[in-house]
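Novice: Provided below are the primary sequence and the corresponding predicted coordinates.
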Amino acid sequence: MVCNAPLEIEPETRRLIDRSLEIGDMSSTEVLPDESITMLAPEIWKRFEELQLDDDIIEEVIDRMKYVPPEDRLKYLDAYFADTDMNDDDH
């Protein structure tokens, strides 16, 4: 779903995003000491919606996905929840 509403970004956040784009590696760019930006493809967000995950679970999965190469993140997400679904079916 896309709402097409204008996005307001605080100047400090915009600076961090712009800097990460300049550096080029958006998946795990160190922006400031102890800070990084992880950008996820729209397909990842769509899959989160399809899975109807709670926010706390999404945060945990995103934290793990930071270390997965961007091109493998959707496969990781599918595999992670496929295993979980199989475990739920056994109980």
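Specialist: Thanks, I have the structure now. Numbering: from 1, shown residues only.

Novice: pull the number of nearby residues for Ile44.
Specialist: 19 (other Cβ atoms under 10 Å). C-beta: built from backbone N, CA, C; applies to glycine.

Novice: I'd say Ile37 and Ile17 touch.
Specialist: Yes: look at Ile37 against Ile17 with Cβ atoms under 8 Å: they come within range, at 6.7 Å.

Novice: who's more crowded, these two?
Specialist: Ile37 (18 against 15).

Novice: if I look at that one, how far off is Tyr80?
Specialist: According to Cβ to Cβ, to the nearest Å, Ile37 and Tyr80 sit 22 Å apart.

Novice: how close does Val68 sit to Pro6?
Specialist: 31 Å.

Novice: neighbour-wise, which of the two wins?
Specialist: Val68 (17 against 5).

Novice: show me the helices in the chain, by range?
Specialist: 11-23, 42-51, 55-65, 73-90 (DSSP state H).

Novice: reformat the ones you listed as CSV; add mean pLDDT.
Specialist: As requested, the helices of the chain are exported to CSV (pLDDT from 0 to 100):
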stretch, mean pLDDT
helix 11-23, 73
helix 42-51, 88
helix 55-65, 88
helix 73-90, 70
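
Novice: got a list of what Tyr80 touches?
Specialist: Val61, Arg64 (Cβ atoms under 8 Å, 6 or more residues apart in numbering).
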